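dropping the sequence and predicted coords here.
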Amino acid sequence: MQINISSSTKAIPIKKKKKLGIFKFILSFFLGFLGYFIIFGGIQKIFPHDFVKPYKQYSISFDNGIPTETEDKIKADLGSVGFDEKKRFAFVEKDADFNVSWREGKGIITQYYVPIAHLYSVEDNFLPTKQKIYTDINYPENVIAILRSKYPTINTIANYSSLLDKNTKSVALVNFDSLTYKNKLLYLNGKYFLDDTSGSIEIGLGITPNNAFVQDIIDRNISNDIASISFDKSKLGTINQTGVTALTRNLATKIDRSGDMGYAAQLISKFLKSADITHVSNEISSVPGCKPSQGMRFCARPEYLKTLTDSGVDIVELTGNHNNDYGAIYNANTLKSYTKMGIKYFGGGLNTADSKKILYLDIKGTKVAFLGYNYYDTMQGTAEIAGADRAGSNKYSPAKIKADIATAKKSASVIIVDIQFQECYSYPTSSAAYLPCYKPLANPDQQEVFRMAVDYGADIVVGTQAHQPQTYEIYNGKLIFYGLGNLFFDQTPWVGTRQGIILTHYLYNGKLIQTKLTTTYYQDDMRTYVTTGSARTYLLTLLKNAR
């Protein structure tokens, strides 16, 4: 019996097997070469020149004048870079491949040098051809050389702050770390550093000679905490603090006729809401159906609160002496409206207990306490002061301020105290500026009362009663602004009551570093706007001469 065995797979001839083997070999060789090219070629793009040759170590030295903290952090970060137990960097004292030093422009970390002047300086700008310039003699030599290359007339001095305290016409170029509210930050090339970092001279840590490959390794291995040694704008908080808001009387008529309930803020709302926190002292309560009238009994329509929302108001201070003009019930209803709008308040409240509360805010990592007191109505014994069941302002007493500041200091690093003092009513019969009202009041003694708050521990004391600006000063190392004037009101007959001040407090790393004065004015249309040029210089000069 013959058995036939068949298969669907044909036998492959020997010659074809050899050809297939050669093809597989060629394909394997090609794929292997392609993989080598991709892997090693790609790595070489990241680590050019060094991957295919022995791992090279570079030596680094540091210039004198680099802060020890900075040098230690850089050494710690770069000291961990290595391959096969070989360190990429060795740190030596001299004769190194690369030297870390200060140079103009950005670097591993960047320091900012800014122009400052005496706090009372009327000039806002850095004018190197007109001002005598100083810098700290203790800055690194190459930093001073960079500054001198830009401003050849710069002088070095051991104590520039003492010099500025005595000479309002001198300026200094200092590291941002030295910036303090006791001096005035100036604009550089039209830029204000705390609003725009280009208003500075940038000096950064870099390596010499330049080497893109080594610089890239350094940049990729420096940790984030190195950058924290320099200026970090995310930690900068701002408060816009304003004077009297009274949306009533002739201003109310203007608002109604315009059809825009935010009319008064049309020209200044963008600036007001530019800060993280915007503060107003609103001393007029909302009364439904309120009709504009003359006299000294004030109310405002609830619709006028649009002026506050348009201005980005976050805080209302309640120490004013007109909130109960139409009865405490309307004051209480207005406070409830603030709460519904997300606006916080202090310096007054729904009753005595509420009015005493300290307002705490965390602003970009800086804890601020706001305290407010009504001196005027406490002395007069009026019903404007809050009672057990009556809305009103917070009662004033030295003992209370002292105790409140002591309490606030347990939780906050910056203490702001607002005081509703007595108004200067001696306005002239003409529109000319009346100089006595730019000064602190002598009777009662406004200076004594405000300075006492500083002695108790306040960082900033502000008079929110003033319908025209009053002077300011540094007392015992702290800031006092005796009066900010009107923000929104109808007093047009006098120059002083048209003028105003807005304080922008700059907070950084838990402390106050600068307070900038913005000057304002309103014409007969009663729409407040920011002043510049001669109008600003005129007010600053009046305030300086009133000191």
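Alright, I've got the coordinates.

beyond the worst-scoring helix or strand of the chain on mean pLDDT, next helix or strand please.
Between all helices and strands in the chain, the lowest mean by mean pLDDT, DSSP states H and E belongs to helix 14-46, at a mean of 58. Counting by DSSP states H and E, the next helix or strand C-terminal to helix 14-46 is strand 58-62.

got the buried residues for that next one?
For strand 58-62, a neighbour-count test (16 or more other C-beta atoms under 10 Å) marks Y58, I60, S61, F62 as buried. Where you see a C-beta, it was placed from the backbone N, CA and C, and this is true even at glycine.

same question, stretch 511-529
512-522, 526-528.

ditto for stretch 430-437
Within stretch 430-437, the residues that count as buried by 16+ other C-beta under 10 Å are A433, Y434, C437.

pick the one among those residues closest to A458.
If you rank the buried residues of stretch 430-437 by distance to A458 using C-beta to C-beta, C437 comes first, at 23.9 Å.

quick one: the strands in the stretch 201-350 of the chain?
201-208, 236-245, 277-282, 315-317, 344-346, 348-349 (DSSP state E, counting those that start in this stretch).

and the third one, what does it pack against?
It stands for strand 277-282. Identification of packing neighbours for strand 277-282 by 3 or more C-beta pairs under 8 Å, 6 or more residues apart in numbering; DSSP states H and E yields strand 236-245, strand 315-317.

dump those strands into JSON lines; add mean pLDDT, distance to F176 and mean neighbour count as well.
Listed next are the helices and strands packed on strand 277-282 as JSON lines, based on pLDDT from 0 to 100; distance: least, C-beta to C-beta, whole Å; neighbours: other C-beta atoms under 10 Å:
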{"stretch": "strand 236-245", "mean pLDDT": "98", "distance to F176": "11", "mean neighbour count": "25"}
{"stretch": "strand 315-317", "mean pLDDT": "98", "distance to F176": "28", "mean neighbour count": "24"}
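
of all those, which lies closest to N167?
Evaluated over the helices and strands packed on strand 277-282, closeness to N167 peaks at strand 236-245, with 28.9 Å, by C-beta to C-beta.

direction included, what does the closest one pair against?
Strand 236-245 has the following strand partners under DSSP bridges: strand 277-282 (parallel), strand 486-488 (parallel), strand 500-508 (antiparallel).

to K132, which of those lies closest?
strand 500-508 (26.1 Å).

domains of this protein?
Here the chain is described, according to automatic domain parsing, as comprising the domains 58-105+208-231, 110-201, 234-545.

what mean pLDDT does the second one get?
Predicted confidence along domain 110-201 averages 93 (mean pLDDT).

could you work out the end-to-end span of that domain for me?
Across domain 110-201, the straight-line distance between its terminal residues is 10 Å, by C-alpha to C-alpha, to the nearest Å.

ditto for the last one
One end of domain 234-545 to the other measures 38 Å (C-alpha to C-alpha).

please renumber the chain so that the first residue is 46 from this point on.
All right, first residue 46 from here; so that's domain 279-590.

adding distance to Q425 and pLDDT, write the buried residues of strand 103-107 out as JSON lines.
Converted to JSON lines, those look like this (distance: C-beta to C-beta, whole Å; pLDDT from 0 to 100):
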{"residue": "Y103", "distance to Q425": "77", "pLDDT": "96"}
{"residue": "I105", "distance to Q425": "71", "pLDDT": "96"}
{"residue": "S106", "distance to Q425": "72", "pLDDT": "96"}
{"residue": "F107", "distance to Q425": "66", "pLDDT": "95"}
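
the helices and strands packed on strand 322-327 into JSON lines, with extra columns for distance to D370?
Conversion of the helices and strands packed on strand 322-327 to JSON lines gives the following (distance: least, C-beta to C-beta, whole Å):
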{"stretch": "strand 281-290", "distance to D370": "15"}
{"stretch": "strand 360-362", "distance to D370": "16"}
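
so which of the ones you listed comes closest to L164?
That would be strand 281-290 among these, by C-beta to C-beta, at 16.8 Å.

just give me how far that closest one sits from the chain centre.
When distances are taken as C-alpha atoms, centre = their mean, to the nearest Å, strand 281-290 is centred 11 Å away from the chain's centroid.

over to stretch 282-291?
14 Å.

cool, and stretch 360-376?
Relative to the centre of its chain, stretch 360-376 is centred 30 Å away, using C-alpha atoms, centre = their mean.

can you get me the start-to-end distance on that stretch?
Stretch 360-376 has an end-to-end distance of 16 Å (criterion: C-alpha to C-alpha).

and what of stretch 359-379?
Length of stretch 359-379, first residue to last, C-alpha to C-alpha: 15 Å.

buried residues of that stretch, list them for me.
359-371, 373, 375-379.

again with stretch 122-141
With the criterion 16+ other C-beta under 10 Å, stretch 122-141 contains buried residues D122, L123, R133, F134, F136, A141.

out of those residues, who's nearest S279?
Within the buried residues of stretch 122-141, proximity to S279 (C-beta to C-beta) peaks at D122, which comes in at 21.3 Å.

list the residues that contact the closest one.
Residues touching D122, when contacts are defined by C-beta atoms under 8 Å, 6 or more residues apart in numbering, comprise N266, I267, S268, I271.

sorry, back to before: most tightly surrounded among the strands paired with strand 281-290?
For these, average neighbour numbers computed from mean count of other C-beta atoms under 10 Å are highest in strand 531-533, which has a mean of 28.

residue ranges of the helices in the stretch 396-545 of the chain, please?
For the stretch 396-545 of the chain, the helices identified by DSSP state H, counting those that start in this stretch occupy 397-400, 420-425, 443-453, 491-500, 540-543, in order along the chain.

my guess is Q559 is in a strand, correct?
Yes: for Q559, which was evaluated using DSSP: H, G, I helix; E, B strand; the rest coil, the result is membership in a strand.

quick check: closest non-adjacent residue to it.
Nearest residue to Q559 in three dimensions, chain neighbours excluded: Y551, at 4.3 Å (C-beta to C-beta, 6 or more residues apart in numbering).

so how far is A498 from that neighbour?
When C-beta to C-beta, to the nearest Å is applied, the distance between Y551 and A498 equals 21 Å.

inside helices: which ones of the buried residues of stretch 122-141?
D122, L123 (DSSP state H).

name the surrounding residues that touch the host helix or strand of L218.
When elements are assigned from DSSP H and E, L218 belongs to strand 215-220. The list of residues contacting strand 215-220 from outside it, by C-beta under 8 Å, 6+ apart, reads 156-163, 171, 176-181, 184, 192, 196, 199, 205-206, 208-209, 228, 231, 246.

drop anything exposed from those residues.
Using 16+ other C-beta under 10 Å as the burial test, the contacts of strand 215-220 include 156-163, 171, 176, 178-181, 184, 192, 196, 199, 205-206, 208-209, 228, 231, 246 as buried.
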